[in-house]
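Colleague: below is the sequence, then the predicted model.
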Amino acid sequence: MPVGSIYARRFAVLATSAALTLTGLLTTAPAAQAAMPTPVSASTARTYLAALTVKTEGSTSGYSRDLFPHWITQSGTCNTRETVLKRDGVNVVTDSSCAATSGSWYSPYDGATWTLASDIDIDHMVPLAEAWRSGANTWTTAQRQAFANDLTRPQLIAVTDNVNQAKGDLDPAKWLPSVTSYRCTYTRAWVQVKYYYNLSVDSAEKSALQSVLNGC
């Protein structure tokens, strides 16, 4: 191939990459998976699931996100959201207030990689409203705060904002990640969180979880 053609191709690739970076979306292979704490194994998740109370889901009467205080300060000037952005991102740079100014984030729910923190939401694996309907309505504010800011269990993960918004407060009977290879990890994490916090599951939710876990 003529030298001029090689340079032309390289320029075109660089120009395309630059354009994608400006929009915040990269379609190249991810540099790293999100670093959410590794959930329990599929066999352990199946054991946990069998131990969960199965009951009709409660109502959202009285529910408010304000009843689950977040994001709280974790260290220095960094709150929980900023801590997860730093944990789950690659080459994340923050300013003096701990806000992410650059970096890249791979969303395992949909397989997208983003370079703008504003395109990322921190998802509660078990949504706050779902927790409320599953038993958190009886918790103290301190318990709900611990749940909403839990960095020890696989409860918080950086994902594409509109995907998180599409998930909303749906359980696995109604929503699962579009990346099918991640569904095993997702359900293992879901069950671990519900088990740790002694939250109930409804029958459709349990069936959906069993179906995925049996294929893990």
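Modeller: Looks like it came in fine.
Colleague: can you map out the helices along the protein?
Modeller: Assigned by DSSP state H, the helices in the chain fall at 3-23, 42-51, 80-88, 128-133, 141-148, 161-167, 183-196, 203-214.
Colleague: can you put those helices in CSV and add mean pLDDT?
Modeller: CSV is the format used below for the helices of the chain (pLDDT from 0 to 100):
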stretch, mean pLDDT
helix 3-23, 37
helix 42-51, 98
helix 80-88, 97
helix 128-133, 98
helix 141-148, 98
helix 161-167, 98
helix 183-196, 98
helix 203-214, 98
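Colleague: nearest to Ala35, of those helices?
Modeller: helix 80-88 (5.2 Å; Cβ to Cβ). Where C-beta positions appear, they are placed from N, C-alpha and C, glycine not excepted.
Colleague: let's check: the centremost residue of the chain is which one?
Modeller: Ile157 (3.1 Å; Cα atoms, centre = their mean).
Colleague: for that one, give the beta-bridge partners.
Modeller: Beta bridges link Ile157 to Asp123, judged by DSSP bridges.
Colleague: before we move on, back to that, could you dump the helices of the chain to a markdown table with distance to Thr101 and mean neighbour count?
Modeller: Shown next, in a markdown table, are the helices of the chain (distance: least, Cβ to Cβ, whole Å; neighbours: other Cβ atoms under 10 Å):
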| stretch | distance to Thr101 | mean neighbour count |
| --- | --- | --- |
| helix 3-23 | 14 | 10 |
| helix 42-51 | 37 | 16 |
| helix 80-88 | 11 | 21 |
| helix 128-133 | 28 | 22 |
| helix 141-148 | 25 | 16 |
| helix 161-167 | 18 | 16 |
| helix 183-196 | 29 | 23 |
| helix 203-214 | 37 | 17 |
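Colleague: what's near enough to touch the residue nearest to the centre of the chain?
Modeller: Ile157 makes contact with 34, 36, 84, 88, 108, 122-123, 125, according to Cβ atoms under 8 Å, 6 or more residues apart in numbering.
Colleague: next one: Thr141
Modeller: 67, 69.
Colleague: I'd like the distance between it and Phe68.
Modeller: 8 Å (Cβ to Cβ, to the nearest Å).
Colleague: next one: Gln143
Modeller: According to Cβ to Cβ, Gln143 stands 10 Å off from Phe68.
Colleague: anything in contact with each of those two?
Modeller: Joint contacts of Gln143 and Phe68 (Cβ under 8 Å, 6+ apart) are Ala136.
Colleague: chain center to the top strand by length along the chain: distance?
Modeller: The longest strand of the chain (DSSP state E) is strand 100-107. Distance, stretch centre to chain centre, for strand 100-107: 14 Å (Cα atoms, centre = their mean, to the nearest Å).
Colleague: and it with helix 80-88, angle?
Modeller: Here strand 100-107 points in a direction 70 degrees away from that of helix 80-88 (axes from the mean of the first three to the mean of the last three Cα atoms, to 10 degrees).
Colleague: in its sheet, what does strand 100-107 sit against?
Modeller: strand 89-94 (antiparallel), strand 112-114 (antiparallel).
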